[in-house]
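Participant: After the sequence you'll find the predicted model.
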Amino acid sequence: MSFPEKIGRKSFKSVIVCGFICLLVASVHFFFNDTSPTVASAHESASHLHESDDPWNSATEPEDWWEEIRERHGHVGPWNVLGYRIGKAILREMEASWGDHSLIITCHIPLNTPYSCLVDGVAVGTGNSQGRLDLRIGEVAALDFIHISARRKQAETDEVLVAKPNVDYLKKIELVPGADLEKLAKEAAEINESELFSFFDR
């Protein structure tokens with residue numbers, strides 16, 4: 001082998017070795033440098049976790065709950081408003097905040113309208129969601145058995161709060177003409193809570 005060929009092969013090997021070292025240094029810099037996108041994203045996530053206990057929760061309570069029910073449900077009726085008021089009362093009694101998803105709320109209803117209209121009202125009143133599985137539906141056989149139960153997700157006890165609508169009131173709003181829906185909805189928004197439902201602890 002001639003001298004120039006030896007020099008050429010040595011130079012080629014040197015280029016390969018230098019390239020490998022450069023690649024290794026760049027990789028180390030990428031993974032461990034604070035300014036790298038991966039680490040920067042982790043820092044942002046950690047900072048966000050310190051700001052909120054639930055980084056998935058950025059919803060805010062609607063300023064106009066009546067219109068929120070209309071948008072969600074298509075109309076406002078007494079069953080919606082009853083659900084809304086029960087939902088707000090559950091948050092009050094269990095010292096929970098709107099949309100914090102700390103409670104599991106189950107609407108025990110016959111699986112037909114108008115009873116199911118109550119569920120959308122509870123959703124607007126609490127910020128809970130069927131999609132997040134903290135607003136649920138349980139089937140009961142008749143109007144007399146309708147109730148809404150609430151329990152904490154993280155609970156050391158099996159305490160359950162139960163809201164039982166006034167059966168006479170439910171019979172009043174069970175079958176009403178469409179023209180009377182909004183009138184009865186406004187009435188449900190204004191009358192005393194005790195005329196609509198009562199709470200029981202279990």
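Facilitator: Structure received.

Participant: domains in the chain, as residue ranges please.
Facilitator: 3-51, 65-201 (automatic domain parsing).

Participant: Could you point out which of the ones you listed sits nearest residue 57?
Facilitator: With Cβ to Cβ, the closest approach to residue 57 among the domains of the chain belongs to domain 65-201: 6.3 Å. Backbone N, C-alpha and C define where each C-beta goes, glycine included.

Participant: how far does the closest one sit from the chain's center?
Facilitator: Chain-centre distance of domain 65-201: 16 Å, with Cα atoms, centre = their mean, to the nearest Å.

Participant: Can you get me a residue count around the closest residue to residue 62 other than its chain neighbours?
Facilitator: What sits nearest to residue 62 in space, not counting adjacent residues and going by Cβ to Cβ, 6 or more residues apart in numbering, is residue 68, at 3.9 Å. Residue 68 has 19 neighbours, counted by other Cβ atoms under 10 Å.

Participant: my guess is residue 68 contacts residue 61, does it?
Facilitator: No: Residue 68 is not in contact with residue 61 according to Cβ atoms under 8 Å; the separation is 9.1 Å.

Participant: where does this structure dip in pLDDT?
Facilitator: 1-55, 156, 202 (pLDDT under 70).

Participant: residue ranges for the helices of it, please.
Facilitator: 3-32, 37-51, 65-73, 78-93, 117-126, 167-174, 181-190, 193-196 (DSSP state H).

Participant: For the shortest one, which outside residues touch it?
Facilitator: Pointing back at helix 193-196 there. Helix 193-196 has contacts (Cβ atoms under 8 Å, 6 or more residues apart in numbering) with 82, 85, 86, 89, 165, 166, 169, 188.

Participant: Out of the domains of the chain, which is the most enclosed?
Facilitator: Counting by mean count of other Cβ atoms under 10 Å, domain 65-201 has the highest mean neighbour count of those, with a mean of 17.

Participant: Confirm for me that residue 98 is in contact with residue 124.
Facilitator: No: between residue 98 and residue 124 there is no contact under Cβ under 8 Å: 9.6 Å.

Participant: Which pair of the contacts of helix 193-196 spans the longest distance?
Facilitator: Across the contacts of helix 193-196, no pair lies farther apart than 89 and 169, at 14.7 Å, counting by Cβ to Cβ.

Participant: residue contacts, residue 144?
Facilitator: residue 167.

Participant: Check residue 82 too.
Facilitator: Counting by Cβ under 8 Å, 6+ apart, residue 82 makes contact with 118, 121, 165, 169, 173, 188, 196, 197.
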